[in-house]
Every structure is written in structure tokens, then in C-alpha cells.
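Student: here are the coordinates; sequence isn't available:
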């Protein structure tokens, strides 16, 4: 029988959910059409469900250029971006992405710019996400986590997130744990 002894656990203010960060929720509250476009993977296939949307995904050099032009019943939209693996070697894997979105609708127009850096190796990972609504706040989110074996029975893990949506204090969450198997 194996027992697990947890000797250290700290949790400081968990203010973001596992699926939506506060900045994502704020953007979706402000502009539901842009939200559906920007977070299309959370709403199922297709941006508008119309077969006449124009999408492209083309390999350019070491990266990919992608984009979509289309419409919904409430808006016209366009999205374009560039994604690249910067390195993938003994240091780990670093990926970067930059994208922009423009929505034209009777409720008002909006433009968003954003970028993401993600790094990972066998023991740890980290990500930085920055987005800016033109004429609005800048949202920043950083996450990191790692797990290391001290010996064959002891493991240390730690992680945390920091996010800020341009107003007030940032949301911070930190967790650490040492686990020993007897």
C-alpha cells in the first residue's frame, strides 16, 4: 500500500477559472460577436457556421500564416495571424503567435491585437498571453508550472498564474507541494 505525504501546500487567491480568464470574460461581455470569433475553439466548428467564410492556413518560412474572413447575422469579421515554433531542442520548445481581429457591426466596430509565447520542457511549462482591444484595456496573463523528482520517492511541484485586465490589481494564484511516497 502506498501512502502520500503532502508536506507543503500553499494557495494564494484563485481568481481565474480553468477555462476562462478574467480578461477573456471581460472581452466576451463587451463584444459577444468578437468573443465567438476570438475563442472559436470553445464554440465548436466554424466561426459563423456559413460555408462562404474564407479561411487560409499557409506555411511561410518557419511558420504559418492563418486567417478568416466572413460574416454572421450581426457582423462582418476578419482575423489574421502568424504562428511559429521558435526553437525545439534541449532547451525545450518555444512557440509564438501573433494575431489581429477586426469586427464591423451595427453595435459598433472593434479591433483586437494579441500575442502568445509558450515554452515547455520535460519538467516545466510557462505561457505569456497579451491582448489589446484598440481603444480599450490591455490584458496580460502569465502562467507557469513545474514538477521535479528529488529522489525516487519524493517529488516537488509548483505553479502559479498572474493576470491583469487593465483595471485594478492583478489576480494572482500560487501553489506548491512536496509529495513523498512511503
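Tutor: Nice, I can see it. Treat the numbers as computed from the prediction; the structure is a model and nothing was measured.
Student: all contacts plus neighbour counts: C-alpha atoms, from now on.
Tutor: OK.
Student: Look up the closest residue to the most centrally placed residue in the chain, ignoring the ones flanking it.
Tutor: For the chain, the residue whose C-alpha lies nearest the mean C-alpha position (Cα atoms, centre = their mean) is residue 129; its distance is 5.7 Å. Spatial nearest neighbour of residue 129, excluding adjacent residues (Cα to Cα, 6 or more residues apart in numbering): residue 116 at 4.5 Å.
Student: which residues are in contact with the host helix or strand of the residue nearest to the centre of the chain?
Tutor: When secondary structure is defined using DSSP states H and E, the element that contains residue 129 is strand 124-133. Strand 124-133 is contacted from outside by 110-120, 138-147, using Cα atoms under 8 Å, 6 or more residues apart in numbering.
Student: Where strands are concerned, which of those count?
Tutor: Using DSSP state E to define strands, the subset of the contacts of strand 124-133 located there is 110-120, 138-147.
Student: I'd like to know which of those residues are buried.
Tutor: The neighbour count (16 or more other Cα atoms under 10 Å) marks 110-120, 138-147 as buried among these.
Student: one step back: relative to residue 154, how far out is the residue nearest to residue 129?
Tutor: Residue 116 sits 33 Å away from residue 154 when distances are taken as Cα to Cα, to the nearest Å.
Student: thought residue 172 was touching residue 161?
Tutor: Yes. Under the criterion of Cα atoms under 8 Å, residue 172 is in contact with residue 161, at a separation of 5.7 Å.
Student: Can you show me the strands along this structure?
Tutor: 4-11, 54-60, 63-71, 76-89, 92-104, 110-120, 124-133, 138-151, 154-164, 171-181.
Student: Quick one: list the elements packing against the third one.
Tutor: Using 3 or more Cα pairs under 8 Å, 6 or more residues apart in numbering; DSSP states H and E as the contact definition, the elements that strand 63-71 packs against are strand 54-60, strand 76-89.
Student: now do the shortest one
Tutor: Secondary-structure packing of strand 54-60 (3+ Cα pairs under 8 Å, 6+ apart): strand 63-71.
Student: Sheet-wise, list the partners of the strand it packs on with their directions.
Tutor: Here strand 63-71 has these sheet partners by DSSP bridges: strand 54-60 (antiparallel), strand 76-89 (antiparallel).
Student: Pass me the low-pLDDT residue ranges in the protein, would you?
Tutor: Scanning the chain for pLDDT under 70 picks out 1-52.
Student: still on that earlier bit, the residue nearest to residue 129 bridge partners, please.
Tutor: When bridges are called by DSSP bridges, residue 116 pairs up with residue 97, residue 129.
Student: Kind regards, and thank you for your time.
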